[in-house]
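> here's a sequence, model it:
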Amino acid sequence: MTDQPELRHGESRSVDSTSSVVVDLREYKQSKDPLPVTFHRRELDAILWIYGRMVGDGEWRDYAIDHLREKAVFSVFKRSGELPLFRIEKNPKLAAKQGAFSVINTSGMILKRGHDLNQVLKVFDKQLKLVEK
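Next comes the predicted model:
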């Protein structure tokens, strides 16, 4: 037991760095510091399946994942020291409009956008070519 009085709603107490702090979940969810946007497990599985195929073809060699406040970004690289070849983005603010998912190339051009990630990732499907002998 401590000698300090009980806190009332809205009051705070200074805490030293060795103490643990209890955070009210309702207050945290209403705070101005929202959680970053992330890819869900199934979304990441679909992206990593495409990534693995492209690595196997020798076209991609590295990737980076960024979870930002507004969007989640999966960037793919030919070499790690360069600009990304493509960015696969998830922006929930666009979900009701053009769709939350998009594929963007190095120059910033949107190659495909939509509501369904699997449909958007079809931009990486290779076209079959007729080979004559």
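> from here on, contacts and neighbour counts on C-alpha atoms
OK.
> okay, and the helix or strand of the protein with the least pLDDT?
When each helix and strand of the chain is scored by mean pLDDT, DSSP states H and E, helix 25-29 comes last, with a mean of 70.
> beyond it, next helix or strand please.
Per DSSP states H and E, helix 25-29 leads on to helix 41-56 as the next helix or strand towards the C-terminus.
> how close does the residue most central in space within the chain sit to Arg26?
Nearest to the mean C-alpha position of the chain, by Cα atoms, centre = their mean, lies Ala72 at 2.2 Å. To Arg26, Ala72 is 24 Å away according to Cα to Cα, to the nearest Å.
> so where is the protein shaky, pLDDT-wise?
For the chain, the stretches with pLDDT under 70 are 1-19, 28-33, 127-133.
> can you map out the strands along it?
Along the chain, counting by DSSP state E, strands occupy 62-67, 72-77, 86-90, 101-105, 110-114.
> next one: the first one to chain centre, how far?
It stands for strand 62-67. Chain-centre distance of strand 62-67: 8 Å, with Cα atoms, centre = their mean, to the nearest Å.
> what's it packed up against?
strand 72-77 (3 or more Cα pairs under 8 Å, 6 or more residues apart in numbering; DSSP states H and E).
> what's the angle from the strand it packs on to strand 86-90?
Orientation check (axes from the mean of the first three to the mean of the last three Cα atoms, to 10 degrees): strand 72-77 against strand 86-90 gives 170 degrees.
> give me the number of residues near Leu25?
Neighbour count for Leu25, taken as other Cα atoms under 10 Å: 9.
> mind listing the residues bridging to Asn105?
Phe86 (DSSP bridges).
> can you pull the contacts of it?
Contact partners of Asn105, counting by Cα atoms under 8 Å, 6 or more residues apart in numbering, are 84-87, 111.
> filter these to the buried ones?
Listed as buried from those are 84-87; burial here means 16 or more other Cα atoms under 10 Å.
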